[in-house]
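Participant: sequence and predicted structure, then a few things I'm wondering about:
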Amino acid sequence: MKRFQPQPGFVVQAFRFALDPNATQEAALRSHCGAARAAYNWAVGWVTASWWQRRAEESYGIGEAGLTQWRSWSLPALRKAFNEAKHTDPRFSAWWEENSKEAYSTGLANASAA
C-alpha cells in the first residue's frame, strides 16, 4: 500500500471530534439511526421479494413473459416505492414522521449502493 507523502511546504492537519449528546439528543440520534436501518432493511426486502417470487414462478413452469416484473434497485425507484409504502406499512405508519426524511433517504441510498 502506498504511503501518503505530503508535498514540501504543505501542512497536514487532522481533527478529532467527540459527540457528547444529552439524553434528548441521544434519543433523537438513536431514532434517526434506527430509521435509516429500517429503510435499508425495507428496501432490501422489497427488492428481494420480487426475486424470490420470480424463482417460485419459474419452478412452476411459468414462462419469462408471465413472470413477476423485476423491481429496480435505483434510488429514485426505491424512494418512490418507500413513499407509497410508509403510509400503509405497519412497520412505519405509526412513527415515520418522527424522523427527518434524510434518515430514510440515507438508508435507501445505502441499499441502492449495496
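Facilitator: Looks like it came in fine.
Participant: drop to CA atoms for contacts and neighbour counts, all remaining ones
Facilitator: Noted.
Participant: ok, residues contacting stretch 32-39?
Facilitator: Phe82, Trp96, Asn99, Ser100, Ala103, Tyr104, Ser105, Thr106, Gly107, Leu108 (CA atoms under 8 Å, 6 or more residues apart in numbering).
Participant: element containing Asp20, please.
Facilitator: For Asp20, there is no host helix or strand (DSSP states H and E).
Participant: for the protein, what's the longest helix?
Facilitator: As assigned by DSSP state H, the longest helix anywhere in the chain is helix 23-59.
Participant: so after it, what's the next helix or strand?
Facilitator: Downstream of helix 23-59 (by DSSP H and E), the next one is helix 75-85.
Participant: tell me which residues in that following helix are buried?
Facilitator: By 16 or more other CA atoms under 10 Å, the buried positions in helix 75-85 come out as Leu75, Leu78, Arg79, Phe82.
Participant: just to revisit the earlier point, what about the longest helix of the chain, distance to the chain center?
Facilitator: 7 Å (CA atoms, centre = their mean, to the nearest Å).
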